[in-house]
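Undergrad: kindly return the folded structure for what I paste below:
(chains A and B)
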Amino acid sequence: MNSPIKCFLIDNDIEDQEIFLLALKKVSPSITCEFADDGPIAIKRFTSDNLFIPDIIFIDMNMPFMNGTECLQEIRKLNHLNAVPIYIYSTFGDPELMDQAKNLGAADFILKPSSFLVLKESLEKLLLSINPGNHYISK
Amino acid sequence: MKFRNTSIEIKLRRVLLLTSSVVLFLTCVAYFTYELITFRDTIRDNLSVQGEIIAANSTAALAFEDKEYAVEVLNALKAEPHIVAACIYDKEGAIFSKFPDSLDDKQFPSKIQKDGYQFTGSHIEGFTPIMQGDSRMGTLYVKSDIKALYARLRLYGLIAFLVITVSFLLAYLFSNFLQKSITKPILDLAGTAKIISAERDYSVRAVRPGDDEVGLLTDAFNQMLDQIQTQNREIIALNQTLEQRIKERTAELEKTNEKLKQQNEFVETIIDSSIDLIAVFDLDLNYLILNKHAEKAYNIKKEALVGKNVLSIFPDIKDSDMLRDLKKALDGEIVHNTNYTLPVLNKYFETYYVPIKDNDNTVRRILMVAHDITAIMEANQNLQLLNEELEKSNQSLEQFAYITSHDLQEPLRKIQIFSEMSENSLDDPAVTKSYLGKINSSAHRLSQLIRAILNYSRLSKSDTHTEEVDLNKILENIKIDLELLIAEKNAVIQSGDLPVVRGIPLQLNQLFFNLLTNSLKFCEKQPFIHISCNILTGKEKELSELHIPGSHFRLSFTDNGIGFEQQYAGKVFDIFQRVHNNVRYSGTGIGLALCKKIVDNHHGKITVTSSPGEGTTFFIYLPCTMISS
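TA: Numbers count the residues shown, from 1 in each chain, chains lettered A, B, ... in the order given. I've put the predicted structure just below:
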């Protein structure tokens, strides 16, 4: 698995999208990330193209139309994405909400940090843990 | 008066008089009869002798057929005044001579009969043969009256009458005198007995008249009196003892009675002073006892209830817990019902139904004790309402907590990140500047959010002062406030006639403001906004799924804005829920939450129908009671 990592972030906050992309690029410029502004757009993207399978999906919790857990449930219904780890990426998370997300099929719950550096480091760690020895990251 | 009821004195006198009279009368009758018989024989014998004499004297006259002589012989009969007729018949039986001569032949018997004299009615008559030697010359007929007999009998009768009368008088006098020796002691005894029986004086004694039977009777009588007197004394003594005992017993009973009465009154007072409803039923569920409190609660006089069946007084309890519990108690179960609404009183009670049993463990009565818990229940209900409100407010608080930790955190986090990033890019002033701009806008958003939250929290329930609000005026004022925006967007706002309502003016102002701002904001073409009001018909109310009782009116705010998918209609009123991305349609996500809260405060309901690209309509349902005439 030494191809560039493809990420997918669903977040209605454009600024957060920008920060997220900057952090990923800091981890490795080879990492690509696609964004969806809300749940319905993301679902539409996944259902319209079965061959589109990102390496990892992040979902913001607080979104219009469809919140993070609702969106998670919808994606988990899609069989071709079964193997893709999904992370909830939220400003706030109480243990109850975290448990609920994990029960619905989330790999983990990541809090949006108040520091760019912390974000970069936690993303790096996370990507390495799911892709150990990926030379794009480790380089 | 019957004989047996008459006085013994009269009886004795009557006996004496009757006896002597009968004896005398019988004697007289015997004597008289004897006289009658002997005198008749004497008369017949005399007449027979006279006849024979005349017959002997007339033999010659017949023998010589000398009629004159015959008359002469016969005339001798004149000396005998009693002879009324006589005649001589010849051998052939024809009348030869007669006496008196003037008498017609027909007055004599035409045929000669047997010799001898017979009484015929008031006369005595007969035939004597006239004999000469052995040959019969003829026959003499003599007829005499019996006046002599009658005279004699009259005399005898007179004498008998006199004798009887005199004897009777004498007997009466003697009896009067003699009987006294017998009757007096008896009468005295009777008198004494009468006195004793009348006066009940058993000390009186009869005087002993002598040693005869009456004397013995008197003795026996006196003895009996002695016994009676003794017994009387004993009886009186016994009576006195009895009376004493009765008196004592009565006093005792009275005392016990008084005690019981006091006890009863005490129990009754306790039952009556109970604040619980107490009633006792018999096995047929008739009221037996009812305390004052129950009487008051039922608002029926005790007298009207006691003895009546509970079902006949309160037919409504037929299918109620009360009847079921009473029946359970009849089966011997103690029933405790912690919350029971008496259909009779429309109040809440905690009730006990206790079977009252006798020694055989048989249920005899049912005691009902009902404790009025209406106040507690009402307090409970109030508490529940308060609790619900508290829960609501708790939810709001939770939402607030969520807001502060999420929505407020978001801009804050961005400020931190962009500060950090700008710090790292100080060598590139253009980049730093863009980060500083982002920091500024985040800070601006933060302050906007804080203001909105403050607004929301100001809509506290305590601000419930209502006054008359003319919705037309409110709309006009808002139009003036939003003049610039309206002009900028070239918006058209139409409205029908809106009512004057009783409400909280500032809140209603905010409601209109938020809805209009929303319509103006979420619009890409020329905004066209229509506001109208109508009173709901029953069917419309049903369609609106308005589950609040009473009549309502509906305010509609219709626009031609961008709208949203109807499936998100439930979310738009949640606080901090945005159905549009905040880049193009910046907002705090509080406006509609505020609207909902305002409508809630006015006991109404807000709903929305929308279609993307078509427009949105907000419906606000408010109770008609708000409308000022």
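
Undergrad: surely B:Arg222 and B:Ser203 touch.
TA: Residue B:222: Asn, not Arg. No. The criterion here is Cβ atoms under 8 Å, and B:Asn222 misses it with B:Ser203 at 11.2 Å. From N, CA and C alone the C-beta is placed, and that goes for glycine too.

Undergrad: these two - which one has more neighbours?
TA: Neighbour count, other Cβ atoms under 10 Å in any protein chain shown: between B:Asn222 and B:Ser203, B:Asn222 has more, with 17 against 10.

Undergrad: from chain A, how far off is the more buried one?
TA: From B:Asn222 across to chain A, the span is 126 Å (Cβ to the nearest Cβ, to the nearest Å).

Undergrad: and B:Gly615, backbone torsions?
TA: With angles defined as degrees, to the nearest 10, B:Gly615 sits at phi 140, psi 180.

Undergrad: show me what contacts it?
TA: If a contact means Cβ atoms under 8 Å, 6 or more residues apart in numbering or on different chains, then B:Gly615 has B:Thr558, B:Asp559, B:Asn560, B:Gly561, B:Gly563 as its contacts.

Undergrad: now do it, the pLDDT please.
TA: pLDDT, B:Gly615: 90.

Undergrad: tally of neighbours for the closest residue to it other than its chain neighbours?
TA: In space, and not counting its chain neighbours, B:Gly615 is closest to B:Asn560: 4.2 Å by Cβ to Cβ, 6 or more residues apart in numbering or on different chains. B:Asn560 has 19 neighbours, counted by other Cβ under 10 Å.

Undergrad: go through the contacts of B:Gly615 and flag which are in strands.
TA: Judged by DSSP state E, these include B:Thr558 as members of strands.

Undergrad: and the contacts of B:Gly615, which two are furthest apart?
TA: B:Thr558 and B:Gly563 (11.0 Å; Cβ to Cβ).

Undergrad: and for those two, which residues touch both?
TA: By Cβ under 8 Å, 6+ apart, B:Thr558 and B:Gly563 have these common neighbours: B:Gly615, B:Thr616.

Undergrad: ok, A:Ile110 touching A:Asp60?
TA: No. A:Ile110 is beyond contact range of A:Asp60, at 10.5 Å (criterion: Cβ under 8 Å).

Undergrad: let me know the pLDDT of the nearest residue to B:Ser495 once chain neighbours are set aside.
TA: Leaving out its chain neighbours, the residue that sits closest to B:Ser495 by Cβ to Cβ, 6+ apart is B:Ile531, at 4.1 Å. For B:Ile531, the model assigns a pLDDT of 93.

Undergrad: so what does the helix or strand B:Ile531 falls within touch, helix or strand wise?
TA: Using DSSP states H and E, B:Ile531 maps to strand B:528-535. If contacts are counted by 3 or more Cβ pairs under 8 Å, 6 or more residues apart in numbering or on different chains; DSSP states H and E, strand B:528-535 sits against strand B:492-495, helix B:505-521, strand B:552-558.

Undergrad: helices or strands up against the first one?
TA: To tie it back to what came earlier, the one meant is strand B:492-495. Strand B:492-495 packs on helix B:471-481, strand B:528-535, going by 3+ Cβ pairs under 8 Å, 6+ apart.

Undergrad: hmm, try it at 10 Å
TA: If you count contacts as 3 or more Cβ pairs under 10 Å, 6 or more residues apart in numbering or on different chains; DSSP states H and E, strand B:492-495 packs onto helix B:471-481, helix B:505-521, strand B:528-535, strand B:552-558.

Undergrad: using CSV, list the CA coordinates for stretch B:295-302.
TA: This file holds the C-alpha atoms of stretch B:295-302, laid out as CSV (Å, rounded to 0.1, in the frame of the first residue of the first chain):
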residue,chain,number,x,y,z
GLU,B,295,-72.4,14.5,55.2
LYS,B,296,-70.8,17.8,54.2
ALA,B,297,-68.8,16.3,51.4
TYR,B,298,-71.8,14.5,49.9
ASN,B,299,-74.0,17.6,50.6
ILE,B,300,-76.8,15.3,51.7
LYS,B,301,-78.4,15.1,55.1
LYS,B,302,-77.4,12.1,57.1
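
Undergrad: gap between the strand or helix carrying B:Val84 and the chain center?
TA: According to DSSP H and E, B:Val84 maps onto strand B:83-89. Relative to its chain's centre, strand B:83-89 lies at 112 Å (Cα atoms, centre = their mean, to the nearest Å).

Undergrad: and what of stretch B:429-449?
TA: Centroid separation between stretch B:429-449 and its chain, computed with Cα atoms, centre = their mean, is 97 Å.

Undergrad: how about stretch B:426-446?
TA: Centroid displacement of stretch B:426-446 relative to its chain, using Cα atoms, centre = their mean, is 101 Å.

Undergrad: nearest to B:Val214 among the helices and strands packed on strand B:492-495 would be which one?
TA: With Cβ to Cβ, the closest approach to B:Val214 among the helices and strands packed on strand B:492-495 belongs to strand B:552-558: 124.5 Å.

Undergrad: in that closest one, what counts as buried?
TA: Counting neighbours by 16 or more other Cβ atoms under 10 Å in any protein chain shown, one finds that the buried residues in strand B:552-558 are B:His552, B:Phe553, B:Arg554, B:Leu555, B:Phe557, B:Thr558.

Undergrad: count of residues packed around the residue nearest to the second one when sequence neighbours are not counted?
TA: In space, B:Phe553 comes closest to B:Ile535 once its chain neighbours are excluded; the distance is 4.7 Å by Cβ to Cβ, 6+ apart. If you count neighbours by other Cβ under 10 Å, B:Ile535 ends up with 13.

Undergrad: A helix includes B:Glu258, no?
TA: Yes. Assessed with DSSP: H, G, I helix; E, B strand; the rest coil, B:Glu258 lies in a helix.

Undergrad: what about the helices in chain A?
TA: Remark: helices assigned in chain A by DSSP state H are A:14-27, A:39-48, A:68-76, A:95-103, A:116-130, A:135-138.

Undergrad: any idea of the mean pLDDT for the longest one?
TA: When you say that, I think you mean helix A:116-130. On average, the pLDDT along helix A:116-130 is 89.

Undergrad: tell me the angle it makes with helix A:14-27.
TA: For helix A:116-130 against helix A:14-27, the angle by axes from the mean of the first three to the mean of the last three Cα atoms, to 10 degrees is 60 degrees.

Undergrad: now for helix A:116-130, which elements pack on it?
TA: Short answer (3+ Cβ pairs under 10 Å, 6+ apart): helix A:116-130 packs on helix A:14-27, strand A:56-60, strand A:86-90, strand A:108-111, helix A:135-138, helix B:409-424.

Undergrad: which residues touch that helix?
TA: For helix A:116-130, the surrounding residues in contact (Cβ atoms under 10 Å, 6 or more residues apart in numbering or on different chains) are A:1, A:5, A:7, A:19-20, A:22-28, A:31, A:55-56, A:58, A:85, A:87, A:89, A:107-108, A:110-113, A:115, A:134, A:136-138, B:416-421, B:423-424.

Undergrad: just the buried members of those?
TA: The neighbour count (16+ other Cβ under 10 Å) marks A:5, A:7, A:19-20, A:23-24, A:26-28, A:31, A:55-56, A:58, A:85, A:87, A:89, A:107, A:110-113, A:134, A:136-137, B:416-421 as buried among the contacts of helix A:116-130.

Undergrad: thank you kindly, that will do.
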